[in-house]
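Participant: give me coordinates for this.
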Amino acid sequence: MKDVIDLLNDSHALEHFGAASLVMGLLEAGRIHLVAEGPEGAFVPGTRFTRVDEPYPMSEVIRTLRPRFIDSPRDFSESYPVLWPHISGLGVTAAAYLPLIAQARPIGALGLLYSDRNGFSEDERTLLVALGSSIAQSLQRAMLYEQEHDLAEGLQQAMLPRRIPEVPGAQTAVRYRSARLGRDIGGDWYDVIALPGGRVGAVIGDVQGHDTHAAAVMGQLRIVLRAYAAEGHTPATVMARASVFLHELDTERFATCTYAEVDLRTGVVQLVRAGHVDPLIRESDGRCRRLPVEGGLPLGLSAEFGRLDYPVTTLELDPGQTLLLYTDGLVEKPGADLDEGLQWLSSLVRRGPPTSRSSPTTCATWSPSGAARTTSRSCCCAATARTPPRRRPVPTARGPERPGGAPLGPPHDQGRRPGLGRGERADEIELVADELMTNALMHTDGGAIVTLRVLPGPTRRLRVEVEDRSSALPRRREAGEAGVSGRGLLLVDQLSDAWGVESRGGGKCVWCEFVVESVVPESVVPES
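Facilitator: Okay, the predicted model is just below:
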């Protein structure tokens, strides 16, 4: 709508009208909103918003739906004594106020002010009435477009996360910029998901199309991706299930997507790409490079063609590195090669703020004015960075699986227990691990995995995890005086410092943690 007003206010347009200046007001909620003020210095205080029943010429033409032609200064002063004193010094000799009518309803009024004429001929009046009708149609189309775009953009924003969760040990930042050209409203989305076990998931994607349907599909897809990730599925499974979901929606839409799951304790990132653009890695010194990630078909298409096996790319973020995820709307430009856009973005990222070395984790988002290069697409980018303290690697002990059953227990010879050493809590740790493995053996079917991990941090902790394929949650029960079972979880609760249960895809993981002073003797820590 502003484009229409600017065009009318253009000096060449006013020359065609033969007018010195114009004023325009639009009808909003029963009031007239002045959107074009006329000649410089002509603004009348208190008239930015006026009522339809006030004694002004625009109010009159909106009430009566008839044009008002003012032939002389005397006619102006006698007809509108409240307004005339404010414009009498501008040299106005005549004026034409036209109602702007569209679909038999007034949407506003237009006033053309003249400084070199007295009166209007019949032909001039007919021409000006026709001009008012044409301008009204243009304004209505502009208003309808803006209403449609605002509705679509509101829908799109409602489908996006209201806020990004604060994840301990990580900082994330996102920037979203919606399209402003035509009726484009994209299906771009992002999400950051806090996961159990010190992990975080980052999702970015783009649903095919640029309309409200694409925004609606995007919202549904974002929710199911978040649900699958929160259930504990692996990144490849999350992507495959989301593809099946989108295919079953029967929308004839597909979506590109990248899902990154980051273990904040180790810096290990698992990346799955479904037809999406490759992410970027920014080094601590500012160098930027494209990260080739093996990918699969876009979501929806992989389910349609039965190719749901998504490869997983695993990498480790070094201190100071930044992982940047983005949608193609940021780098695509009509008539230009995609590589040009990637080079543009890479150079932009190189000039970005340096990664901070003072905080455990830093991140930055680059979304400069240059993003306007792609005005026909909505663009969104997310950046995450991790700079963990440099520690020597700690060993992880994993119990081997017994075919068709629970894992074999750890060796009882303390000298063979990797990472446990001869700490004073070794017996407690062994007893609790044995109880968790026994529960997996007795109460679930299939294999299980035992993991022992030393967690870095100001307080060193040993974490014991037993993962099985049963979704049934363990429950505490009273054993009774003569009972021979039912005390396992009670022991876990009493001996460990913290314990809990996490969903892991189709199964679960029962974990417990012990605060330990020194569980990893230097002699058993591998050098690489």
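Participant: now do the helices in the stretch 251-400 of the chain.
Facilitator: Assigned by DSSP state H, counting those that start in this stretch, the helices in the stretch 251-400 of the chain fall at 301-304, 338-350.
Participant: for the last one, packing partners?
Facilitator: Same thing as helix 338-350. Using 3 or more Cβ pairs under 8 Å, 6 or more residues apart in numbering; DSSP states H and E, the elements in contact with helix 338-350 are strand 280-282, strand 288-290. The C-beta positions use only the backbone N, C-alpha and C, and glycine is treated the same way.
Participant: and the shortest one, by the same measure?
Facilitator: Of the remaining helices and strands, those touching helix 301-304 by 3+ Cβ pairs under 8 Å, 6+ apart are helix 235-249.
Participant: mind listing what's buried along the helix ranked longest in the chain?
Facilitator: In terms of residue count, the longest helix belonging to the chain (DSSP state H) is helix 122-159. Of the residues in helix 122-159, 128-129, 131-132, 135-136, 138-140, 143, 149, 152-153, 156, 159 count as buried by neighbour count, 16 or more other Cβ atoms under 10 Å.
Participant: which secondary element of this protein has the worst mean pLDDT?
Facilitator: One helix or strand of the chain scores below all others by mean pLDDT, DSSP states H and E: strand 396-399, with a mean of 46.
Participant: where exactly do the helices run in the stretch 51-200 of the chain?
Facilitator: Using DSSP H, counting those that start in this stretch, the helices of the stretch 51-200 of the chain run over 57-64, 73-79, 84-87, 122-159.
Participant: buried ones in stretch 304-323, by neighbour count?
Facilitator: Neighbour-count burial for stretch 304-323 flags 308, 310, 312, 313, 315, 317, 319, 320, 321, 322, 323 (criterion: 16+ other Cβ under 10 Å).
Participant: can you check stretch 495-512 too?
Facilitator: For stretch 495-512, the neighbour count (16+ other Cβ under 10 Å) marks 495, 496, 499, 502, 504, 505, 507, 508, 509, 510, 511, 512 as buried.
Participant: same deal with stretch 328-348?
Facilitator: For stretch 328-348, a neighbour-count test (16+ other Cβ under 10 Å) marks 328, 329, 330, 331, 332, 333, 341, 342, 344, 345, 346, 348 as buried.
Participant: for the closest residue to the first one other than its chain neighbours, the count of nearby residues, please.
Facilitator: Closest residue to residue 328 apart from its sequence neighbours, by Cβ to Cβ, 6 or more residues apart in numbering: residue 277 at 5.2 Å. Taking other Cβ atoms under 10 Å as the criterion, the count of residues near residue 277 is 25.
Participant: the closest residue to residue 119 other than its chain neighbours and residue 255, how far apart?
Facilitator: Distances taken as Cβ to Cβ, 6+ apart place residue 71 nearest to residue 119, at 4.3 Å, with adjacent residues excluded. Distance of residue 71 to residue 255, computed by Cβ to Cβ, to the nearest Å: 63 Å.
Participant: quick one: which of these two has more around it?
Facilitator: residue 255 (29 against 15).
Participant: I'd say that one and residue 221 touch.
Facilitator: Yes: counting by Cβ atoms under 8 Å, residue 255 touches residue 221, with 6.0 Å between them.
Participant: overlap in contacts, these two.
Facilitator: Overlap of the contact sets of residue 255 and residue 221 (by Cβ atoms under 8 Å, 6 or more residues apart in numbering) consists of 205, 207, 246, 299.
Participant: which of these are buried, as a PyMOL select command?
Facilitator: Selection of the buried residues among those in PyMOL, burial being defined by 16+ other Cβ under 10 Å:
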select buried, resi 205+207+246+299
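Participant: on that earlier part again, closest to residue 168 out of the helices and strands packed on helix 338-350?
Facilitator: Within the helices and strands packed on helix 338-350, the stretch nearest residue 168 is strand 280-282; the backing value is 23.1 Å (Cβ to Cβ).
Participant: could you pull up phi and psi at residue 48?
Facilitator: Main-chain torsions, residue 48, degrees, to the nearest 10: phi -60, psi -40.
Participant: pLDDT value on it, please?
Facilitator: Note on residue 48: pLDDT of 83.
Participant: next, the closest residue to it other than its chain neighbours: secondary structure please.
Facilitator: In this structure, residue 48 finds its nearest non-sequential neighbour in residue 34, 5.3 Å apart by Cβ to Cβ, 6+ apart. Under DSSP: H, G, I helix; E, B strand; the rest coil, residue 34 falls in the strand class.
Participant: separation between residue 34 and residue 27?
Facilitator: For residue 34 relative to residue 27 (Cβ to Cβ), the value is 11 Å.
Participant: for residue 459, same thing?
Facilitator: For residue 459 relative to residue 27 (Cβ to Cβ), the value is 66 Å.
Participant: partner residues bridging residue 499?
Facilitator: Beta-bridge partners of residue 499, counted by DSSP bridges, are residue 512.
Participant: isn't it up against residue 512?
Facilitator: Yes: counting by Cβ under 8 Å, residue 499 touches residue 512, with 3.8 Å between them.
Participant: shared neighbours of the two, anything?
Facilitator: Common neighbours of residue 499 and residue 512, using Cβ under 8 Å, 6+ apart, are residue 492.
Participant: any weak-confidence spans in the stretch 401-528 of the chain?
Facilitator: When residues are selected by pLDDT under 70, those of the stretch 401-528 of the chain lie in 401-424, 457, 475-486, 505-506, 518-528.
Participant: where do the strands of it begin and end?
Facilitator: Secondary structure of the stretch 401-528 of the chain, counting by DSSP state E, counting those that start in this stretch: strands at 448-455, 461-468, 498-504, 507-515.
Participant: ok, which of these comes nearest residue 188?
Facilitator: Taking Cβ to Cβ, strand 498-504 is the member of these nearest to residue 188, at 28.6 Å.
Participant: pretty sure residue 63 contacts residue 55?
Facilitator: No: counting by Cβ under 8 Å, residue 63 does not reach residue 55; the two are 10.9 Å apart.
Participant: across the sheet, point out what pairs with residue 191.
Facilitator: Beta-bridge partners, per DSSP bridges, of residue 191: residue 203.
Participant: wait, what's in contact with it?
Facilitator: By Cβ under 8 Å, 6+ apart, residue 191 lies in contact with 161, 201, 202, 203, 204, 222, 225, 226.
Participant: burial of the closest residue to the fifth one other than its chain neighbours, as a residue count?
Facilitator: The one in question is residue 204. In space, residue 204 comes closest to residue 325 once its chain neighbours are excluded; the distance is 4.3 Å by Cβ to Cβ, 6+ apart. By the measure other Cβ under 10 Å, the count of residues near residue 325 is 24.
Participant: ok, residue 79 next?
Facilitator: Neighbourhood size, residue 79 [other Cβ under 10 Å]: 14.
Participant: ok, the residue lying closest to residue 139 once chain neighbours are set aside - contacts?
Facilitator: With sequence-adjacent residues excluded and distances taken as Cβ to Cβ, 6+ apart, residue 139 is closest to residue 4, at 5.7 Å. Residues near residue 4 by Cβ under 8 Å, 6+ apart: 135, 138, 139, 142.
Participant: distance check, residue 32 against residue 21.
Facilitator: Distance from residue 32 to residue 21, by Cβ to Cβ: 18 Å.
Participant: so these two - more neighbours on which side?
Facilitator: residue 32 (24 against 21).
Participant: is that one bridged to anything, and to what?
Facilitator: With DSSP bridges as the criterion, residue 32 is bridged to residue 27, residue 50.
Participant: could you do residue 256 as well?
Facilitator: Beta-bridge pairing of residue 256 under DSSP bridges involves residue 206.
Participant: what pLDDT does it get?
Facilitator: On the pLDDT scale, residue 256 gets 94.
Participant: what do you get for residue 267?
Facilitator: For residue 267, pLDDT reads 80.
Participant: and what of residue 171?
Facilitator: 69.
Participant: show me where pLDDT drops low in the stretch 151-300 of the chain?
Facilitator: In the stretch 151-300 of the chain (pLDDT under 70), the answer is 156, 169-171, 178-186.
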